[in-house]
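Chemist: When you get a sec, could you give me coordinates for this:
(chains A and B)
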Amino acid sequence: MATLGQILTLISLFLSVLVVILGFSQKRHLLQATVEATSALFFIDLAASFCLLELLVTHDFSNRYVASYTDSSMPLVYILTAFWAGEKGALLFWALVQAGLMMLVALTENDAIQKGVLAIMGIAHSFFAVLMVFASNPFETFSTSSGPPDGNGMNPLLQNPLMAVHPPLQLAGFVAWSVPFALGMSSLLFGAVGVQWLKVARKWYLLAWALHTAGLVVGGLWAYVELGWGGFWGWDPVENGALLPWLTGTAFIHSAAVELRTSRFRMWNYILISLTFILCIFATFLTRSQLIHSLHSFQNSVLTPYFLYYLVFLTVGCLFVLGTRHKYLHGSPKLGGVFTRQGLILLGNILFLLLTFVVMWGTLLPKFSESKMFQDVINGMVKIWNSLNISFVHEITEPLAVGPDWFNKTTAPIGALLLLLSGLAPLLPYKSTIPKDIFRKLAMPALLSVLSSVVTLALLESQTPETKNFFIRIRSLGFLSGVILILFANFSLFVALIDFYSAIRAKMASANIGFLRALGNVFSANPRRFGGHIVHMGVALCFLAIAGYGQRTEIKDAVLKPMQSVSIGKNDLVFLGLRSTYSRDGYASLVAKILVAPKDYTDMTVRLDEIPSDVQIEPGERPFLWLVKFKQQEDAINFFLKHFSAVFLQQEMVLAEVDRKNLAVALAPRSLEAINLIPGEFHRLADQLKQVASILGHDRISLEMSKGDPLLFLRFRDGPLFQSFIQGFSMKPRFLGVSYDPSEPFKIKVIPEGMFKVVEPEVRAYPKFENPTTEVAIDVGIFSDLYLAFAKAPGSQSIMLTVSQNPFISLFWIGSFVMIICVVMLFWLGIFSRKPQVTAVFCGEVVQNVGKEGFNA
Amino acid sequence: MKRIFTVLIVIVVAGVGALVVVSSLSAGIYQLNIEEALRMGESLKGKEFRVTGTALEVKEEKPFSYRFKVVDANGNYINCLFQGALPDPFREGREVILQGKFGEDMLFVVSKITVKCPSKYEEAGKSEMDYQDYYEQKYRRGHNLEGSL
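Modeler: Below is the predicted model:
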């Protein structure tokens, strides 16, 4: 199978070179051959992919790739996703998607367009085929041995459903930008699509944008639920790398809309699409090379020089083509003015490029600043700056790096301006300047947005425990920028909503139909305009989430012993205790049980069954705590011991032996795997019992540990104590927590079950990975998420809890979902709509509206 | 009119670009190796910087408070103090990027630890024999029981 795969990759390289040669030749009769070669290429790549999947599924560890990324105990779904989890497999996946898109272009576009486009996409495919054949072949086998008996397994961080879909989406997004790029380039090189290439390219760049956005968002969601630092974007070099082409691509979508309407920005659009495609390759280069230190980086990749050459080739190639063809690229003159829609879009484009610059500068600064020459140039600038006496900046002498704070502060104002533009631009006409009724158009959304911002802010305030007055807080820059973002986001939201609303009302009145049908009609009559509105609404929701996230409350590193609590926002969080389990998926987890109890909880009824009538129950100092008061200390201790074994011991330990005569028991851990996998876990269990013994007094209970076996021996002083302990093991726990303090010998503190929520963050340990992984617990709410992660110091019962309350964060996922779904829908409409009227120049002849059979007929 | 706008836009963009550069310089954190950090010594006091090296002699003072040394290939070292939960992949002998400030007696008070992941998920650079050993070592791990209390 591996040999077959190697042969297939070789054929794939041969075929992609063939497509390039056939496509670049200007012979018309070779068109059919180009298309056939493309189909063959796709099926060869598909066959190679099946070979790799077959090797993965059959656990053929003689294959290096299979041995590196999978093992025999992994669930099937992650074995399948191992296809793209590693560098080599990702290359094959990349080639497959590239060939698939080429095939799709061949199927949906007409002949005039196909040839040049296939040729240029063929170059992109050839690059990856070259990498597979000469540098990094997924079908490589061990040369001297038959391979290890079992594979390495997959990094546990990647064994997550989100991580299963993030890489293919991100890669497919990168690859999909090659279609509009190829269309643009072929329109320049062959004149095959003429100046109207954008009409054809539209659906393709929408597809690329949707995939790219989905890739980024799923990556962010993965970081949020898996990495445990509490956010979704950390400004890591690899994240930044993927963001760069997204920024230029988004700019391109907007300026392309202008060109489609007014024929302006022609050269600009060619530059943007080239830049976007080059940045996609640059992003991959950043990931694979060790250029900037990043957690994501794949180390010592042999691919670095290849990517570097490819980047140089692409850049020089694009510059050459644009340089030689620039005289054909004069758009229609006259920019109507700054205060037209195209003026604002131009402004937006500049802002997007500024963002690209900011992100690129911040990402590459550590690398740049290593060079002495760069330091000298910058220090020269610093001297000029310091002579202006605005602020004093130190000269740089050593490599510098900037952190997330700098990125946040620098990108926020540009982002806010873009958000404002996304609300303003749709109000203005394309060409002519401000119409007289602009203020009337502005007034309504402006008024509504102010009102709804007040509501939004009130909601936000209700989610944060701030006691300071609003007017004092507004003076801080962080809060002020949050308020501005909320205002702008609401404005953008209402501009779109009002336009939708008035269009739907007009339609309902004129056609006499219901709301939903009118909505459908309005959208399908002008998908471009209303699709844009929907995407902008999604953007506005995302910005609301960002504004809310900026006001999050965070408690870092609270050290808690069992039954201790910390308060955040309107809740008390009580650390109930730890529990270890072993999962059938092959890992052990240490679970921290955290009770989330609202501070203002007032329900005063509590039922405690099986409690003698002479016992008093009264509320404790906190709403979640209750006191059970006994008349005699021995009763209290028996009650405590019974419930302690019910609540804390029975889920982790079993009674291995019960010696009723000597009042002794032997306890064994429930899961040996968990004990083996989690460092210090058996000590923790023993420690738990040791503490109880010391609280109750060693004369009552004595503890011994077996030598060699994981067993604990307990001996009890009297019968009732022994009975309570045994009883606890067979009864259903009635409390979430129970504690006893010898200084108050008649009282037992209990936390009743069923009144509050318990969330359970985990730390997981995998047999083949030394590093435990943190598994976050998120209590998702409508207005805010409660986000918890913990760490445990070895050999202690206490944990370090990191907890944050993140207001509005769900809006980010909702907003992104809205954007992506809407753009996918627009792509769909583009694929199935009638072919645009394209005037094509092919081989020097003008061909009108070339059909699928155009040249053969 | 159009010229003026173009010039204006270019000036504004250049100005903002300059601001970005200047702000990055004042917000930037020095990335040093151990030798450089030791050489700059006192002049770094109170200034946040990053240093890369290997973590050695990790001692737990009390729960969530650790002292260790960060060492380079030439044997230069800096004494470090970290309070908080160590990141998952932190181990003695791992290469780490530490961010923090010099405190009293040139004790490096670490605020953030980034562990450079060893080439564990990639077999690149390992010979086949290494790879076999590596695999066996890893597989044996974890199956010996904890010692006695």
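Chemist: ok, now which ones touch the residue nearest the centre of chain B?
Modeler: Note on chain B: the residue nearest the mean C-alpha position is B:Ile97, at 0.9 Å, using CA atoms, centre = their mean. Counting by CB atoms under 8 Å, 6 or more residues apart in numbering or on different chains, B:Ile97 makes contact with A:293, B:50-52, B:113-116. Just so you know, the C-beta spots here come from the backbone N, C-alpha and C atoms, and that holds for glycine as well.
Chemist: repeat that for 7 Å
Modeler: By CB atoms under 7 Å, 6 or more residues apart in numbering or on different chains, the contact set of B:Ile97 is A:293, B:50, B:52, B:114, B:116.
Chemist: Hmm, B:Gln99 and the second one touching each other?
Modeler: Yep, that's B:Arg50 we're talking about. Yes. If you go by CB atoms under 7 Å, B:Arg50 and B:Gln99 touch, sitting 4.8 Å apart.
Chemist: Counting neighbours, which of the contacts of B:Ile97 comes out on top?
Modeler: B:Arg50 (21 neighbours; other CB atoms under 10 Å in any protein chain shown).
Chemist: Just the closest residue of the stretch 451-600 of chain A to chain B, please.
Modeler: A:Asp557 (5.1 Å; CB to the nearest CB).
Chemist: burial of that residue, as a residue count?
Modeler: 13.
Chemist: Put the alpha carbons of the helix or strand containing it into PDB.
Modeler: Here A:Asp557 sits within strand A:553-560, counting by DSSP states H and E. What follows is strand A:553-560, C-alpha atoms only, in PDB (Å, rounded to 0.1, in the frame of the first residue of the first chain):
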ATOM      1  CA  THR A 553     -13.600  39.400  35.500                       C
ATOM      2  CA  GLU A 554     -10.800  37.100  36.200                       C
ATOM      3  CA  ILE A 555      -9.400  35.500  39.300                       C
ATOM      4  CA  LYS A 556      -6.000  34.100  38.600                       C
ATOM      5  CA  ASP A 557      -4.400  31.400  40.700                       C
ATOM      6  CA  ALA A 558      -6.700  31.200  43.700                       C
ATOM      7  CA  VAL A 559      -5.200  28.400  45.900                       C
ATOM      8  CA  LEU A 560      -8.100  26.500  47.500                       C
END
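Chemist: what about the longest helix in the chain?
Modeler: Just going to use chain A. Counting residues, the longest helix in chain A under DSSP state H turns out to be helix A:477-511.
Chemist: To clarify, I was referring to chain B.
Modeler: Longest helix in chain B, counting by DSSP H: helix B:2-27.
Chemist: measure A:Lys27 to chain B for me?
Modeler: Applying CB to the nearest CB, to the nearest Å, the value for A:Lys27 to chain B is 44 Å.
Chemist: If you could redo that for A:Pro161, that was the one I meant.
Modeler: Counting by CB to the nearest CB - A:Pro161 and chain B are separated by 19 Å.
Chemist: and what of A:Met102?
Modeler: 30 Å.
Chemist: Mind pulling up the pLDDT for that residue?
Modeler: We have a pLDDT of 95 for A:Met102.
Chemist: Give the buried residues for the particular helix or strand that has it in it.
Modeler: Assigned by DSSP H and E, A:Met102 belongs to helix A:87-108. Neighbour-count burial for helix A:87-108, with 16 or more other CB atoms under 10 Å in any protein chain shown as criterion, is recorded at A:87-106, A:108.
Chemist: right, and the helix or strand after it?
Modeler: Helix A:87-108 is succeeded, C-terminally, by helix A:111-130 (DSSP H and E).
Chemist: which strands and helices sit next to that following helix?
Modeler: helix A:2-24, helix A:31-57, helix A:87-108, helix A:178-189 (3 or more CB pairs under 7 Å, 6 or more residues apart in numbering or on different chains; DSSP states H and E).
Chemist: So for the first one, mean pLDDT?
Modeler: Read it as helix A:2-24. 93.
Chemist: just to revisit the earlier point, can I take it that the residue nearest to the centre of chain B is in a strand?
Modeler: Yes. B:Ile97 sits within a strand when classified using DSSP: H, G, I helix; E, B strand; the rest coil.
Chemist: pLDDT value on it, please?
Modeler: pLDDT, B:Ile97: 86.
Chemist: Excluding sequence neighbours, find me the nearest residue to it.
Modeler: B:Thr114 (4.2 Å; CB to CB, 6 or more residues apart in numbering or on different chains).
Chemist: Helix, strand, or coil at the one you found?
Modeler: Quick answer, by three-state DSSP: B:Thr114 is strand.
Chemist: For stretch A:237-254, buried residues please.
Modeler: So stretch A:237-254, judged by 16+ other CB under 10 Å, has buried residues A:237-254.
Chemist: let me fix that: stretch A:496-510
Modeler: In stretch A:496-510, counting by 16+ other CB under 10 Å, buried: A:496, A:498-500, A:503-504, A:507-508.
Chemist: Low-confidence bits of the chain, can you list those?
Modeler: If you meant another chain, say so; for now it's chain A. Applying pLDDT under 70 to chain A flags residues A:192-195, A:290-301, A:330-336, A:433-435, A:465-468, A:602-613, A:794-795, A:834-857.
Chemist: You answered for a different chain; I wanted chain B.
Modeler: B:1-2, B:117-149.
Chemist: ok so, going back, how far off centre is the longest helix of chain A?
Modeler: For helix A:477-511, the separation from the chain centroid amounts to 27 Å (computed by CA atoms, centre = their mean, to the nearest Å).
Chemist: Toward the C-terminus, what is the element adjacent to it?
Modeler: Helix A:477-511 is succeeded, C-terminally, by helix A:515-525 (DSSP H and E).
Chemist: After that next one, which helix or strand is next? Please name it.
Modeler: helix A:527-550.
Chemist: ok, how many other residues are close to residue 51?
Modeler: Defaulting to chain A. Counted with other CB under 10 Å, A:Cys51 comes out at 23.
Chemist: not quite, I wanted chain B
Modeler: 25.
Chemist: got it, and A:Arg475?
Modeler: 8.
Chemist: And it, its phi and psi?
Modeler: Torsion angles at A:Arg475 (phi, psi; degrees, to the nearest 10) stand at phi -70, psi -20.
Chemist: And the contacts of the longest strand along chain B?
Modeler: Across chain B, the longest stretch assigned as strand under DSSP state E is strand B:49-62. Strand B:49-62 is touched from outside by A:401, B:29-34, B:37, B:66-72, B:78, B:92-99, with contacts defined as CB under 7 Å, 6+ apart.
Chemist: Give me the buried subset of those residues.
Modeler: Among those, the ones that count as buried (16+ other CB under 10 Å) are A:401, B:29-34, B:37, B:66, B:68-72, B:78, B:94, B:96-99.
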